[in-house]
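Q: return a 3D structure for these sequence lines:
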Amino acid sequence: KLTVDFGPVVGSLRTSAQITNYGADELRGRLVVGAINLGDKRIAGFTSEFLVLGALEPDGTVRLLRVDDDIVPGAPVA
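A: Have a look, this model is predicted:
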């Protein structure tokens, strides 16, 4: 379970992303890329509100996409 702040317009959203190769300390404060407005999905009793995006390695490991540190949270992706 991951909560991400998408800035003042969208606010914080939660996802049930299966991110197993990052520790909580690696994720805290990290900027990520997410797809929002896809609708909520209930997964194992948890409501997932967005999709966090990553690159998939051949062995199935997900590497989260990054943005530069000076990007404002909630900035649209083009």
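Q: could you check the pLDDT of the residue nearest the centre of the chain?
A: In the chain, the C-alpha closest to the average C-alpha coordinate belongs to residue 52, at a distance of 3.2 Å (CA atoms, centre = their mean). The model reports residue 52 with a pLDDT of 93.
Q: do I have it right that it meets residue 34?
A: Yes: using CB atoms under 8 Å, residue 52 is in contact with residue 34, at 5.1 Å. Placement of C-beta: from N, CA and C, glycine included.
Q: which neighbours do those two share?
A: 4, 15 (CB atoms under 8 Å, 6 or more residues apart in numbering).
Q: who does the helix or strand bottoming out on mean pLDDT in the chain touch, helix- and strand-wise?
A: Using mean pLDDT, DSSP states H and E, strand 41-43 stands out as the lowest-scoring helix or strand of the chain, at a mean of 88. When contacts are defined as 3 or more CB pairs under 8 Å, 6 or more residues apart in numbering; DSSP states H and E, strand 41-43 packs onto strand 46-48.
Q: for the strand it packs on, buried residues please.
A: Judged by neighbour count using 16 or more other CB atoms under 10 Å, the buried positions of strand 46-48 are residue 48.
Q: show me what it is in contact with.
A: Contacts with strand 46-48, where a contact means CB under 8 Å, 6+ apart, come from 1, 14-17, 40-42.
Q: which residues in this structure form strands?
A: 2-5, 12-15, 34-35, 41-43, 46-48, 51-52, 54-56, 62-64 (DSSP state E).
Q: need the contact partners of the first one.
A: Same thing as strand 2-5. 11-17, 19, 27, 32, 34, 50, 52, 73-74.
Q: ok now it, how far from the chain's centre?
A: Mean-position distance between strand 2-5 and its chain equals 7 Å (CA atoms, centre = their mean, to the nearest Å).
Q: and the third one, by the same measure?
A: Relative to the mean C-alpha coordinate of its chain, strand 34-35 is positioned 6 Å out (CA atoms, centre = their mean).
Q: before we move on, what about the second one?
A: What separates the centre of strand 12-15 from the centre of its chain is 8 Å, taken as CA atoms, centre = their mean.
Q: average model confidence for that strand?
A: The model assigns strand 12-15 a mean pLDDT of 94.
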